[in-house]
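Peer 1: Only the shape, not the letters, is given here:
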């Protein structure tokens, strides 16, 4: 476990070196991979052996080849490739709290200045919008459909912390008369706009740059998307924010929240429950909240009909409520 | 895998906070542990949940308690506690190459200046001598017995890269007439001397401070110990060094080498094979060598009767040879 940091470093290095592209050309020896990656044979051998030990690659008769996992999720040829998430999760900013974790536990809050990862205009969210899209893409279409379920004709959808914009774009594709209002830091919205242009829905994407706590939302909205936002803040802050949000929504409008939602024991399922540690390291008071905690926050803010639904096969959960 | 670095950070933080001592007092809730560790309840809850998710602690009915593993190996009350190794393996110097691993693979050598971890008088070896002793202790007595097998009366034992000194001390205890000559950087030998004093054998410990490549060994020696040294260097350097060593040994004297020795496939067993990555990150040309490679180096340097023997339950192997 004290060496587990090497696993992160090795996978990130392999992605940065385009190793999985090279392995995808066919079973290869060290010298071939070294040439294709413009790297040293010593380095490639040791890295590929390490990845084979960890099941990421397979080594047979001195040749390295894809595992089922690396072929599907790490080779850029695969439509399911998520290698770009290494740019966000492997960002030095995401690791700088590791060496201070004992102090963070002592103090109960991030060692980063101010509000940590949610400081205004933090550039990591531009990286997030660029890099994490492939991880979110499988959720986007189902979420768009759920959020707009039963709504026809011209509708207005508010997409808070829009990031890559994929969720709002999915809603726009689901309903050709939907107008999407995307809120995020200005530099992040440029990424969302670019994705909307690629998807041919940019004319229905409206930008609300700034802080979700301060910007005038306009409205009233027929639906609202709130993805991976509430975990950055403490419950009183979230309740205050949710009240502001509800006022901008039509009565009975659907709020679709995507979150890491651990069970009441807070140690299962493993990925959702582990997310708390990231919020401890990166924020002043964020957390991975249980469904009970979300229900309390939403009820206090005036929402009703609160339900949850796992977003299989992702580690996330949809929490829905009516304004 | 991109989040595996959190596992290292969490375990190191828990050790630094004396959390396993506190848990050892009995099953405890968050507030009790927070008080005992002088830490925040938020931080302790999230850290203990994360450790429970990873099987290091157990959580039952909101109370945290030892797992079998943490009771044996992480609670300072346990004679088998190895928590101090976090000070060496969790040392920032051991992690600073993580962010540069792609460049290290490109260049085929450490990103650290000069010879990396084996630069003269590198202070990490003082930390090693202090922190890694509990990990080495179970090997020391068997190794001392093997190295001095069949030798009686006054013998001279050379202990190269003595570190904590435990291997030489074990030899001194095995044979009350053995004189031990310990070679390492001067600051490291202070740790070995202190351990020899505690063991009551300091009067038979002789210090050879400096580089193993430069210091005059004296001799001739009846046995030599060479633990976790050869992996830092390339084969030509090792052959040159082994020749110098053999000349200082009596003909037929035993050389006892302790190393991480992967199988010919270089991907098994996992811990020994993974060690190569650490040598890639920290040295210019070191490696975890196979038994065939050790045999070649030793033969070329004039050693014979080369054998290997796994040091179960450690991940290391004894490679022995006769001068």
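Peer 2: Now that the structure is in, tell me what you want to look at. Computed from a predicted model, the values in this text were never measured in an experiment. Numbers count the residues shown, from 1 in each chain, chains lettered A, B, ... in the order given.
Peer 1: alpha carbons only for contacts and neighbour counts from here, please
Peer 2: OK.
Peer 1: which residues touch the nearest residue to residue A:103 once chain neighbours are set aside?
Peer 2: Nearest residue to residue A:103 in three dimensions, chain neighbours excluded: residue A:111, at 7.6 Å (Cα to Cα, 6 or more residues apart in numbering or on different chains). Counting by Cα atoms under 8 Å, 6 or more residues apart in numbering or on different chains, residue A:111 touches A:97, A:100, A:103-104, A:281-282.
Peer 1: Now intersect those residues with the helices, please.
Peer 2: Using DSSP state H, the subset of the contacts of residue A:111 located in helices is A:103-104, A:281-282.
Peer 1: Which of those sits closest to residue A:197?
Peer 2: Among those, residue A:282 lies closest to residue A:197 (Cα to Cα), at 32.2 Å.
Peer 1: From residue A:268, how far off is that closest one?
Peer 2: To residue A:268, residue A:282 is 21 Å away according to Cα to Cα, to the nearest Å.
Peer 1: And residue A:226, by the same measure?
Peer 2: Computed as Cα to Cα, the residue A:226 to residue A:268 distance reads 23 Å.
Peer 1: the more surrounded of the two?
Peer 2: residue A:226 (21 against 16; other Cα atoms under 10 Å in any protein chain shown).
Peer 1: Tell me the secondary structure at that one.
Peer 2: Look at residue A:226: counting by DSSP: H, G, I helix; E, B strand; the rest coil, its state is strand.
Peer 1: before we move on, what about residue A:121?
Peer 2: Three-state assignment for residue A:121 (three-state DSSP): coil.
Peer 1: Name all residues that make contact with it.
Peer 2: Neighbouring residues of residue A:121 by Cα under 8 Å, 6+ apart: A:185-187.
Peer 1: how about 10 Å then?
Peer 2: Residue A:121 sits next to A:184-188, A:210-211 when contact means Cα atoms under 10 Å, 6 or more residues apart in numbering or on different chains.
Peer 1: Among the residues you listed, find me the one that's closest to chain B.
Peer 2: Distance to chain B across the contacts of residue A:121 (Cα to the nearest Cα) is lowest for residue A:188, with 23.1 Å.
Peer 1: Tell me how far the closest residue to that closest one other than its chain neighbours lies from residue A:280.
Peer 2: Spatially, and ignoring its direct neighbours in sequence, residue A:188 is nearest to residue A:126 (4.8 Å; Cα to Cα, 6+ apart). Separation of residue A:126 from residue A:280 (Cα to Cα): 21 Å.
Peer 1: Between these two, point out the one with more neighbours.
Peer 2: residue A:280 (26 against 22).
Peer 1: The residue nearest to residue A:188 is in contact with residue A:185, isn't it?
Peer 2: Yes. The criterion here is Cα atoms under 10 Å, and residue A:126 meets it with residue A:185 at 8.6 Å.
Peer 1: what touches both of those two?
Peer 2: Taking Cα under 10 Å, 6+ apart as the criterion, residue A:126 and residue A:185 both touch residue A:163.
Peer 1: ok, and for the helix-or-strand element of chain A with minimal mean pLDDT, which residues are buried?
Peer 2: Across the helices and strands of chain A, mean pLDDT, DSSP states H and E gives its lowest value to helix A:92-95, namely a mean of 79. Going by neighbour count (16 or more other Cα atoms under 10 Å in any protein chain shown), the buried part of helix A:92-95 is A:94-95.
Peer 1: May I have the strands that pair with the top strand by length along chain A, each with its orientation?
Peer 2: Counting residues, the longest strand in chain A under DSSP state E turns out to be strand A:249-259. Its sheet considered, strand A:249-259 pairs with strand A:221-227 (parallel), strand A:317-322 (antiparallel) by DSSP bridges.
Peer 1: can you put those strands in a markdown table and add mean pLDDT?
Peer 2: Listed next are the strands paired with strand A:249-259 as a markdown table, based on pLDDT from 0 to 100:
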| stretch | mean pLDDT |
| --- | --- |
| strand A:221-227 | 97 |
| strand A:317-322 | 97 |
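Peer 1: Run through the helices of the stretch 1-150 of chain A in chain order.
Peer 2: Along the stretch 1-150 of chain A, counting by DSSP state H, counting those that start in this stretch, helices occupy A:5-16, A:19-23, A:30-36, A:41-53, A:68-73, A:85-89, A:92-95, A:101-107, A:124-131, A:133-147.
Peer 1: I misspoke; the intended subject was the stretch 151-300 of chain A.
Peer 2: Using DSSP H, counting those that start in this stretch, the helices of the stretch 151-300 of chain A run over A:166-174, A:186-198, A:235-247, A:270-282, A:291-300.
Peer 1: Look up phi and psi at the most centrally placed residue in chain A.
Peer 2: Nearest to the geometric centre of chain A sits residue A:132, at 5.6 Å (Cα atoms, centre = their mean). Backbone torsions for residue A:132, taken as degrees, to the nearest 10, come to phi -90, psi 0.
Peer 1: That one contacts residue A:89, correct?
Peer 2: Yes. Using Cα under 10 Å, residue A:132 makes contact with residue A:89 at a distance of 8.8 Å.
Peer 1: got the contact list for residue A:243?
Peer 2: Residue A:243 touches A:297-303, A:323, counting by Cα under 10 Å, 6+ apart.
Peer 1: Mean confidence (pLDDT) on stretch A:203-213, please.
Peer 2: Mean per-residue pLDDT for stretch A:203-213: 97.
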